[in-house]
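J.: My questions are about this predicted structure, shown below with the sequence.
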Amino acid sequence: MSEATTTTHVPHVLWAPRSDRIYVTVEVPDATEVKVALQDEGRLKVSANSHGDHYELDLELYGEISTEKSKWKVSGRSIDLNIERKESGEFWPRLTKSNQKNRQISVDWSKWVDEDDEEDQYDWHASGGDVNEPMNMDDFYLPQQDSFPENDSGDEEEEEEKEEKADLSDLDK
């Protein structure tokens with residue numbers, strides 16, 4: 001009998017920066033035997049198996065990170081990482097320290113926020129993003145009931161228009 005051979009692949013990586021964290025998605029569908037190693041000086045290592053293939057990733061990140069505060073989880077199609085930066089500041093211009101283009105790394109446009117607009121964005125990750133959880137309505141401003149205009153269906157205006165129409169039937173003569 002021959003042993004099953006596995007090929008090693010470098011997975012595709014999506015990323016999106018924030019001033020205080022980096023979102024990284026490592027695309028490995030149905031990942032098993034997942035190992036994630038983060039190092040404070042800015043190294044990310046991921047290994048996993050999927051459908052008989054082995055995936056390995058080793059990146060030297062652009063800056064230092066906080067391994068204590070960083071989190072990761074395995075979803076059906078990927079390994080999702082929320083990597084806390086050691087120090088908040090300007091967005092990282094790229095994921096890795098190296099200036100060389102890496103075809104395996106792309107911007108995650110679904111998580112992208114322009115640096116100028118970051119403060120305006122609601123942080124779904126901090127809130128848990130669970131639409132089934134009740135929202136704190138104290139955070140919303142609602143005017144008092146008596147400050148709303150009266151319900152005007154327009155019926156009165158229609159009646160006034162009918163009454164104001166002049167009888168022009170005698171002008172045809």
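T.: All right, it came through fine.
J.: Who does Lys73 form a beta bridge with?
T.: Listed by DSSP bridges, the beta-bridge partners for Lys73 are Asp80.
J.: Neighbours of it, how many?
T.: Residues contacting Lys73 under the criterion other CB atoms under 10 Å number 11. Quick note: C-beta positions are derived from backbone N, CA and C, even for glycine.
J.: and what of the one 3 residues further on?
T.: When counting by other CB under 10 Å, one arrives at 7 neighbours for Gly76.
J.: And Thr96, by the same measure?
T.: Look at Thr96: counted by other CB under 10 Å, it has 17 neighbours.
J.: OK, contacts around it?
T.: Contacts were defined as CB atoms under 8 Å, 6 or more residues apart in numbering; by that measure Thr96 touches Leu59, Glu60, Leu61, Tyr62, Asn102, Ile105.
J.: Report the buried members of these.
T.: Neighbour counting by 16 or more other CB atoms under 10 Å classes Leu59, Leu61, Tyr62, Ile105 among those as buried.
J.: Closest to Glu90 out of those residues?
T.: Tyr62 (11.0 Å; CB to CB).
J.: Make TSV out of the buried ones among the contacts of Thr96 and add secondary structure.
T.: Output for the buried ones among the contacts of Thr96, formatted as TSV (DSSP: H, G, I helix; E, B strand; the rest coil):
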residue	secondary structure
Leu59	strand
Leu61	strand
Tyr62	coil
Ile105	strand
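J.: Need the residues you listed in CSV (columns: pLDDT).
T.: What follows is the buried ones among the contacts of Thr96, written out as CSV (pLDDT from 0 to 100):
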residue, pLDDT
Leu59, 98
Leu61, 98
Tyr62, 98
Ile105, 98
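J.: with those in mind, which one is nearest to Val46?
T.: When the buried ones among the contacts of Thr96 are ranked by distance to Val46 (CB to CB), Leu59 comes first, at 8.6 Å.
J.: from what I can see Leu61 touches Trp15, true?
T.: No. Taking contacts as CB atoms under 8 Å, Leu61 lies outside contact range of Trp15: 9.6 Å.
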